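Colleague: Mind looking at a prediction? Sequence and model below.
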Amino acid sequence: MPTAVKVEAANGVAWVTVDGPETRNALDAGAADELVAACERVDDDPTVGVAVITGAGGAFCSGADTRTLDALRTARADRAYEGLDELYRAFRRVGQLAVPTVAAIDGPAVGAGVNLALAADMRIVTERARLLSGFARVGVHPGGGHFHLLARASNASTAAAAGMFARPVDAQGAITSGLAWTLVRSQDLREEVTRMTAHLADDPRLARALVATFRRTALDTATWESAVEIERARQMWSLTRSPQLKEF
């Protein structure tokens, strides 16, 4: 079954769940489109004050679907560019949501799945969480502004360790490095996220004003856009070097 994206909105909170049990919630073109549509639905609902991005089945997101990446290896340059952009725009759209966003990470986030987590305004992890850049380990250059997102959430040292040297980050490491805010038990995740976001859910207008100010003053979104383009050419080059992806 292909990955689907489900939206559950109630009491001011929208839970956006990436659900692909056979691929550990990998993003293909269809799932990317559904994620964009889910963001549009959240933005269009004035009763929503916060969005929570999460994954089903004990994983957060295993990154771009390998079949999608394999197809881009032999595609014409313009098609490869567009194909990568279909994936990029999904987590970029999460970063543009009109409401504050939380990534609730209850399992591995790999490659573009790390980008998806870092696109959120805040991250909460459980003991099962693990962040794996993954790109360099399988012979692919990172994409989607990966280095920028890592450094923005933490620092250049963490970006180098995770992105270049392929060092995994466990739940406690995510807290120590600043990649995540807090660590909770897996069984308490939904309750804790609901508790932490209750004031935003109760006042959606204020929530939307807060996040607009936060992103304009605290985040360098222009640099993210530039990083996407810098990484894109190198990622396209890396994808065409060999006939298939390395095993992770």
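Modeller: Cool, the structure landed. Every value quoted in this text rests on a predicted model; they were computed, and no experiment measured them.
Colleague: Counting by contacts, list what the helix or strand containing residue 125 packs against.
Modeller: Using DSSP states H and E, the element containing residue 125 is strand 122-126. For strand 122-126, the packing partners by 3 or more C-beta pairs under 8 Å, 6 or more residues apart in numbering; DSSP states H and E come out as strand 101-105, helix 171-177, strand 182-184, helix 189-196. To be clear about C-beta, it is placed using only N, CA and C from the backbone, and glycine gets the same treatment.
Colleague: In its sheet, which strands sit next to it, and in what direction?
Modeller: Here strand 122-126 is paired, per DSSP bridges, with strand 101-105 (parallel), strand 182-184 (parallel).
Colleague: highest average neighbour count across those?
Modeller: Among these, ranked by average contacts under mean count of other C-beta atoms under 10 Å, first place goes to strand 101-105 (a mean of 26).
Colleague: what angle sits between that strand and helix 189-196?
Modeller: Angular relation of strand 101-105 and helix 189-196 on a 0 to 180 degree scale: 160 degrees, by axes from the mean of the first three to the mean of the last three C-alpha atoms, to 10 degrees.
Colleague: Now the element after strand 101-105, going C-ward?
Modeller: Next along from strand 101-105, by DSSP H and E: strand 108-110.
Colleague: Pull the residues that contact the helix or strand following that next one.
Modeller: Sequence order places helix 112-119 as the next helix or strand after strand 108-110, per DSSP H and E. Residues outside helix 112-119 that contact it (C-beta atoms under 8 Å, 6 or more residues apart in numbering): 18, 25-27, 53, 55, 60-64, 87, 90-92, 94-95, 101, 103, 105, 109, 123, 131-134, 143-146, 149-150, 152-153, 162, 179.
Colleague: taking those one by one, which sit in strands?
Modeller: Taking DSSP state E as the definition of strands, those contribute 18, 53, 55, 101, 103, 105, 109, 123, 131-132.
Colleague: And those residues, which is closest to residue 174?
Modeller: residue 131 (6.0 Å; C-beta to C-beta).
Colleague: Now do the same contact list for the closest residue to the closest one other than its chain neighbours.
Modeller: Spatial nearest neighbour of residue 131, excluding adjacent residues (C-beta to C-beta, 6 or more residues apart in numbering): residue 169 at 4.2 Å. Residue 169 sits next to 130-132, 158, 162, 177, 179 when contact means C-beta under 8 Å, 6+ apart.
Colleague: Reformat the residues you listed as JSON lines; add neighbour count, distance to residue 207 and pLDDT.
Modeller: Output for the contacts of residue 169, formatted as JSON lines (neighbours: other C-beta atoms under 10 Å; distance: C-beta to C-beta, whole Å; pLDDT from 0 to 100):
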{"residue": "130", "neighbour count": "19", "distance to residue 207": "30", "pLDDT": "98"}
{"residue": "131", "neighbour count": "29", "distance to residue 207": "26", "pLDDT": "98"}
{"residue": "132", "neighbour count": "21", "distance to residue 207": "31", "pLDDT": "98"}
{"residue": "158", "neighbour count": "21", "distance to residue 207": "29", "pLDDT": "98"}
{"residue": "162", "neighbour count": "28", "distance to residue 207": "30", "pLDDT": "98"}
{"residue": "177", "neighbour count": "19", "distance to residue 207": "27", "pLDDT": "97"}
{"residue": "179", "neighbour count": "26", "distance to residue 207": "23", "pLDDT": "98"}
